[in-house]
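In: turn this into a model:
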Amino acid sequence: MPDWLEIAIRTLVAVIALFIATKILGKRQVSQLSFFEYITGITIGNLIAYTSLELQTSWYLGIISLIVWVSIALGIEFLQLKSKTARTFIDGKTTVLIQQGKILEENLKKERLTTDELLEQLRKKNVFLVSDVEFALIEPSGDFNILLKKENQPLTPKHLGIEVGPTQDPQAVIMDGNILDEPLSHLGLNRHWLKTELEKLGVTLENVFLGQVDSYGQLYVDLYNDQIQVAQPQEKALLLATLKKCEADLEMYSLSTNNPNAKAMYATCSEQLQDVIREVKPLLNR
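Out: Below you'll find the model as predicted:
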């Protein structure tokens, strides 16, 4: 067999073996690596390259070595799942670098980080003042996580006492001009509903690159032709405006009538509608 053909076959076998090994080891092997996973990745890469190009040795020996390494890596992962001590020994543990606005110099030296490197990591998190930080941690993966002091944290609806309606993942119901029936069924919708919504927006199915439905049943589309402007759904805004108009009308009727019973009835209805608006407003203000 010619050398070039043998190398091609070996490379093909090695790529398939590497793909299978990576699938077995899981997503952690291609995300943030621990020390052992980093070593495993380098070693497996070297084994695959050696198996592909070294013609003086039998190719199956490299595959056997690859299987052994994958087995060891799997054993280590299962051991980490079962033992906190093993996880700490292999991956290390989280180290606090800043506590209550104070840099912990000893921990900084332990992680062999300079002040410039620490400040760089803070800037990556949009933090420019150490005294603004409640806690700064370096994870075993090498990532920095920062918690600002409460007075420096951004405002959220919760801080303002505003209730926000729950949301779910939006579902893609149109992709590349084709309808996806499974996401539609997951939302309890059908093709007839989708085509009706497209007609409301004034677009054709063939011109839709991506169509998504949010958890409130509103359709948003992105078209192939970016020059066409598509109006955003207004159903929720119109519903909220209608409720407010009804409440204002009831209040006006209450003020304009001289009949005590009618005045009391309109006032009660107005208050009840105000309660309804207060409850549904978080769902409609999106």
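In: what ranges do the strands span in the stretch 1-150 of the chain?
Out: Along the stretch 1-150 of the chain, the segments classed as strands by DSSP state E, counting those that start in this stretch run 95-99, 102-103, 133-138, 144-148.
In: buried sites along the helix or strand that contains Leu239?
Out: Secondary structure assignment for Leu239, by DSSP states H and E: helix 235-256. Neighbour counts over helix 235-256 (16 or more other Cβ atoms under 10 Å) mark 236, 240, 243, 247, 250-251, 253-254 as buried. Heads up, the C-betas are built off the backbone N, CA and C, glycines and all.
In: relative to Phe209, how far out is Asn225?
Out: 9 Å (Cβ to Cβ, to the nearest Å).
In: looking at the two, which is more packed in?
Out: Here Asn225 and Phe209 are set side by side on neighbour count (other Cβ atoms under 10 Å), and the busier one is Phe209, at 14 against 8.
In: tell me the SS of the more buried one?
Out: strand (DSSP: H, G, I helix; E, B strand; the rest coil).
In: in this structure it contacts Ala172, no?
Out: No. Counting by Cβ atoms under 8 Å, Phe209 does not reach Ala172; the two are 10.8 Å apart.
In: Gly211: how many residues sit nearby?
Out: 25.
In: which strand or helix spans the residue nearest to it when sequence neighbours are not counted?
Out: Of all residues not flanking Gly211 in the chain, Ile174 sits nearest, at 3.1 Å (Cβ to Cβ, 6 or more residues apart in numbering). Assigned by DSSP H and E, Ile174 falls within strand 171-175.
In: so after that strand, what's the next helix or strand?
Out: strand 178-179.
In: paired strands for that following strand, with orientation please.
Out: strand 171-175 (antiparallel) (DSSP bridges).
In: export the partner strand as PDB, just CAs?
Out: The C-alpha coordinates for strand 171-175 follow below in PDB (Å, rounded to 0.1, in the frame of the first residue of the first chain):
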ATOM      1  CA  GLN A 171     -39.700  28.600  20.000                       C
ATOM      2  CA  ALA A 172     -38.500  28.800  16.400                       C
ATOM      3  CA  VAL A 173     -41.500  27.900  14.300                       C
ATOM      4  CA  ILE A 174     -40.100  29.000  10.900                       C
ATOM      5  CA  MET A 175     -36.600  28.300   9.700                       C
END
